[in-house]
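>>> Got a predicted structure here, sequence first:
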Amino acid sequence: MRGQALLWHMARAAGATWLIVSVLFLLSHATIDPESQLRDTLENATHPSEAGQRAAATQQLLHRYGLDTPLFYTTWHPQVGWQWHGGQNQYHAWLTQLAHGNLGYSYQADAPVAELLAQALHYTLPLTLLAALLSVSAAVGLTVVLSYRPVGRRWFLRLAHTLQSLPLFLLALGLLLLFANPDALSWFPAFGLSSTAAAEAWQQPGIMLYQLTLPVASLVLSSFPALAIQLDGALQQEFTQPYTATARAKGASQARTAWRHALRNALLPLVTLLTELLPSIVAGSVVVEVIFALPGMGRLIADAALQQDFPVLLGGVGLVAFVRLVAQFMADILYSVLDPRFRIAA
């Protein structure tokens, strides 16, 4: 029964991802005229006297990208009403390619979207995973250690509330001006690596970590305060429960009571925030990668939105949506692990 529930959750996640990217596909293609967009691109790349060649090239590009067919299975015309186009439409072609793992080609880079996303993930994966790991570690470690130290806990909560009130771009700019500024502390580079150097940096983790220090610090300072504040409130609530008083009466120290007894139950309310942690860090990477000039997925999505490169935009947004749904699925798993009374319901 549990296996069926897991399969049902996976099917719902896949269906929700399909719905999100389908709506984005239809809205983006319905509001922008691709023919005008390609014509403008060719006009910027060719001589004004080559109007005839541009028109032919535009039609070739429309056919190549599958934009010379109707958008959906049906269209409405005031004169004839609804018309059925069968499988000869852009959405059907895109959905068929998506089912085969083909995300299409970029309009601007003229390269497969999957290849562009893979190159961007060389930077985004270590950035987001490091930030998520450090955020959780800092929130749990500092909160538990200071939970039974009133003075330290009070100052820690003040700092956490202050950091939580600051927007991510302000934190990133502050770190940039403080630690990557020749007039202050020039400890770290102000700009990231190129895409080629980013791929090579996987062979030299030290260079990668050095380049990612400030971006990761920005994401951690923006992410961990909410986790710490929530966990502190849950811990203080657990300290009032009879089982913690019993542990103390049996001779357990405050540290042992916090780590071995109260923490497990206090983590349950935190799971909901953990569900949003990785998606929020991925979303925050858009800001961080633009500020620190990192060739990651966030910057790729931002550039695709500015250039109206819809295949890249759809691939990036679909990946972010999938990460969010996977995070929600993992939250259900964590609930059942931390408390056996929770079961994954179909």
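Nice, I can see it. Numbering: from 1, shown residues only.
>>> So residue 76: helix, strand or coil?
Applying DSSP: H, G, I helix; E, B strand; the rest coil to residue 76 yields a three-state assignment of strand.
>>> Tell me who's in contact with it.
For residue 76, the contact set (C-beta atoms under 8 Å, 6 or more residues apart in numbering) comprises 82, 83. Where C-beta positions appear, they are placed from N, C-alpha and C, glycine not excepted.
>>> And the pLDDT at it?
Looking at residue 76, its pLDDT reads 73.
>>> measure it to residue 27 for me?
To residue 27, residue 76 is 16 Å away according to C-beta to C-beta, to the nearest Å.
>>> next one: residue 117
21 Å.
>>> Between the two, which is the more surrounded one?
residue 117 (19 against 10; other C-beta atoms under 10 Å).
>>> residue contacts, that one?
103, 297, 300, 312, 315, 316, 319.
>>> do residue 238 as well
Counting by C-beta under 8 Å, 6+ apart, residue 238 touches 244, 261, 262, 265, 266.
>>> Looking at these, spot the one nearest residue 128.
Nearest to residue 128 among the contacts of residue 238, counting by C-beta to C-beta, is residue 266 at 25.4 Å.
>>> What is the least confident helix or strand in the protein?
helix 195-201 (a mean of 51; mean pLDDT, DSSP states H and E).
>>> Where does the prediction get shaky in the protein?
The chain contains residues with pLDDT under 70 at 1-6, 9, 13, 29-68, 190-207, 335-346.
>>> Can you give the domain ranges for the chain?
Split into domains by automatic domain parsing, the chain comes to 2-99, 113-338.
>>> Any idea how far the last one is from the middle of the chain?
Put plainly, it is domain 113-338. Domain 113-338 has its average C-alpha position 11 Å from the chain's average C-alpha position, going by C-alpha atoms, centre = their mean, to the nearest Å.
>>> Provide a list of residues in contact with the residue nearest the centre of the chain.
Nearest to the mean C-alpha position of the chain, counting by C-alpha atoms, centre = their mean, stands residue 282 at 2.5 Å. Residue 282 makes contact with 124, 128, 297, 298, 320, 323, according to C-beta under 8 Å, 6+ apart.
>>> Spatially nearest residue to residue 322, not counting backbone neighbours?
residue 17 (5.0 Å; C-beta to C-beta, 6 or more residues apart in numbering).
>>> Same check on residue 291?
For residue 291, the spatially nearest residue (C-beta to C-beta, 6+ apart) is residue 172, at 4.7 Å.
>>> Show me what the helix or strand harbouring the one you found is packed up against.
In the assignment (DSSP states H and E), residue 172 maps to helix 168-179. Counting contacts by 3 or more C-beta pairs under 8 Å, 6 or more residues apart in numbering; DSSP states H and E, helix 168-179 is packed against helix 205-238, helix 270-291.
>>> any chance of the ones you listed in a markdown table, plus distance to residue 90?
Shown next, in a markdown table, are these (distance: least, C-beta to C-beta, whole Å):
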| stretch | distance to residue 90 |
| --- | --- |
| helix 205-238 | 37 |
| helix 270-291 | 27 |
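>>> Which of those helices sits closest to residue 84?
helix 270-291 (38.2 Å).
>>> what's the following helix or strand after the closest one?
For helix 270-291, the following helix or strand on the C-terminal side (DSSP H and E) is helix 297-307.
>>> and that next one, which residues are buried?
Going by neighbour count (16 or more other C-beta atoms under 10 Å), the buried part of helix 297-307 is 297, 298, 299, 300, 301, 302, 303, 304, 305, 307.
>>> Look up how far residue 234 lies from the fifth one.
Just to be clear, that refers to residue 301. Distance from residue 301 to residue 234, by C-beta to C-beta: 35 Å.
>>> Any chance of a markdown table for the buried residues of helix 297-307, columns distance to residue 185?
Below are the buried residues of helix 297-307 laid out as a markdown table (distance: C-beta to C-beta, whole Å):
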| residue | distance to residue 185 |
| --- | --- |
| 297 | 29 |
| 298 | 26 |
| 299 | 25 |
| 300 | 30 |
| 301 | 31 |
| 302 | 28 |
| 303 | 30 |
| 304 | 35 |
| 305 | 34 |
| 307 | 36 |
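>>> which one of those residues is nearest residue 153?
Nearest to residue 153 among the buried residues of helix 297-307 is residue 298, at 34.5 Å by C-beta to C-beta.
>>> Let me have the domains of the chain in CSV, adding distance to residue 107 as columns.
Converted to CSV, the domains of the chain look like this (distance: least, C-beta to C-beta, whole Å):
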stretch, distance to residue 107
domain 2-99, 7
domain 113-338, 5
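>>> ok, back up a step: which ones among the contacts of residue 238 lie within strands?
Here DSSP state E is the test, and those give no hits in strands at all.
>>> Which ones among those residues map onto helices?
Of the contacts of residue 238, the ones assigned to helices by DSSP state H are 244, 265, 266.
>>> Tell me how many other residues surround the second one.
In other words, residue 265. 17.
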